[in-house]
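[1] make a model of this:
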Amino acid sequence: MDIDGEMQMDIGSSSYPSCLSSFIDTGSLESHRYYLSRRTVLEMLRDRGYAIPDAEIELSLQGFRDYYGEDPDVSRLRISASHKDDPNQKIMVIFSGPGAVKVNTVREIGSDIMNKGALSRLMLIVQKQPTSQATKALELFPFKVEVFRITDLLVNITKHILKPKHQLLTPAEKQNLLEKYNVEEKQLPRMLQKDAIAQYYGLQKGQVVKITYSSEATETRVTYRCVW
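    Residues are numbered from 1 along each chain as shown. You can find the predicted model right below:
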């Protein structure tokens, strides 16, 4: 202790002040990464309209480790969900391990999921980018395949305080917008499909997004972008 009686932190030892000990994560880094990325994926699916139980998203880190362990088996992290508006629209999320995703890996995935019933979309969470041959093999799947790096999912980008609100317009709302302003689709400002927000919501070419900017310093401003 110092002369004021305050406990000092010894950086080189495991002794910490009681006020800081609760913030120290003593679990594995790997389980923490899988926990954060899986939670972001669940939020992403919910925001896309898939039926995701709140309890899944609200699972704590300790609860995750109690169930999946400190070194999670990636096959147990899989997620299957159906869209709330159309139960026939089904998605599966598969997490890959630390190794490279090669053609054989893709073939194993394809063989496995073909026995799970019809899918509309597959989301593959990787730690390393698939090889060029593996990417070509994924393109042969009879449904949309999305590939995300696990490091890009550790934080939900839509929750950033500076991110404006994005709302996907229905086909009818899109048509009303074009008629209201007497413009064609190609005249709207563009958003590329590779944009992080477009990837988060799984937006397709031709879809229109309403973007609302608001802050305490400025008035609310609305703009629209068409996905290209």
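[2] distance of residue 181 from residue 95?
    Relative to residue 95, residue 181 is positioned 43 Å away (C-beta to C-beta, to the nearest Å). In this view, the C-beta of every residue, glycine as well, is placed from N, C-alpha and C.
[3] pick out whichever of these two has more residues nearby.
    Set side by side, residue 181 and residue 95 show unequal neighbour counts under other C-beta atoms under 10 Å, the larger going to residue 95 at 23 against 10.
[4] hang on, that one packs against residue 34?
    Yes - Residue 95 is within contact range of residue 34, at 6.9 Å (criterion: C-beta atoms under 8 Å).
[5] overlap of the contact sets of the two?
    When contacts are counted by C-beta atoms under 8 Å, 6 or more residues apart in numbering, the set common to residue 95 and residue 34 consists of 74, 77, 150.
[6] would TSV of the residues you listed with pLDDT be doable?
    Output for those, formatted as TSV (pLDDT from 0 to 100):
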residue	pLDDT
74	95
77	97
150	97
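[7] low-confidence ranges in this structure?
    1-24, 115-117, 161, 216-218 (pLDDT under 70).
[8] distance between the helix or strand containing residue 40 and the chain's centre?
    Assigning secondary structure by DSSP states H and E places residue 40 in helix 29-47. Put simply, helix 29-47 sits 7 Å off its chain's centre (C-alpha atoms, centre = their mean, to the nearest Å).
[9] and stretch 74-92, by the same measure?
    Taking mean C-alpha positions (C-alpha atoms, centre = their mean), stretch 74-92 and its chain are 14 Å apart.
[10] and if you look at stretch 118-136?
    Stretch 118-136 has its average C-alpha position 14 Å from the chain's average C-alpha position, going by C-alpha atoms, centre = their mean.
[11] now swap in stretch 214-228 and tell me
    Per C-alpha atoms, centre = their mean, the centroid offset for stretch 214-228 relative to its chain is 23 Å.
[12] test my guess that residue 50 contacts residue 82.
    Yes - the criterion here is C-beta under 8 Å, and residue 50 meets it with residue 82 at 6.8 Å.
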